[in-house]
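Participant: how would this look folded up:
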Amino acid sequence: MTKSEGVCISSDIRAINKFNNLQIPCIQLDVFFYKQFLNKKIRKNKFINILRDLKNVNGTSANRISIFFELISNGGKKDE
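Facilitator: A predicted model of the protein is given here:
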């Protein structure tokens, strides 16, 4: 876990839920990097590599990665 601009960043779901219950701003690590991608601070290839690295250390799941791929391919909008 780390803190950036007053927001906690973590891949631990229990920690995120605890912070949210305490009304402390917190986002998942993969979402942080997705926002970096959307803000053009990292390129698509770098984002994909980060997702793979996170998956290798259980920092994200295959399901979440597929959601990010869907968002990327649909211009940031998830299919219903």
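Participant: tell me the phi and psi of the closest residue to residue 53 other than its chain neighbours?
Facilitator: Take residue 53 and drop its neighbours on the chain: the residue closest to it by CB to CB, 6 or more residues apart in numbering is residue 59, 7.7 Å away. C-beta here means a position set from N, CA and C on the backbone, and glycine is covered the same way. Note on residue 59: its backbone torsions stand at phi -90, psi -10 [degrees, to the nearest 10].
Participant: measure residue 59 to residue 69 for me?
Facilitator: 16 Å (CB to CB, to the nearest Å).
Participant: neighbour count: these two, which is higher?
Facilitator: Under the neighbour definition other CB atoms under 10 Å, residue 59 and residue 69 were set side by side, and residue 59 has more, 17 against 12.
Participant: now the more buried one: how far from residue 75?
Facilitator: 25 Å.
Participant: for residue 30, same thing?
Facilitator: 19 Å.
Participant: the residue nearest to residue 53 and residue 30 touch, don't they?
Facilitator: Yes. With contact defined as CB atoms under 8 Å, residue 59 reaches residue 30; the gap is 7.0 Å.
Participant: backbone dihedrals for residue 24, please?
Facilitator: Torsion angles, degrees, to the nearest 10, at residue 24: phi -100, psi 120.
Participant: go on, residue 45?
Facilitator: phi -60, psi -40.
Participant: and it, what pLDDT?
Facilitator: The per-residue pLDDT reported for residue 45 equals 96.
Participant: can you check residue 13 too?
Facilitator: 85.
Participant: so what's the residue count around it?
Facilitator: Count around residue 13 with other CB under 10 Å applied: 9.
Participant: nice, that's everything, thank you.
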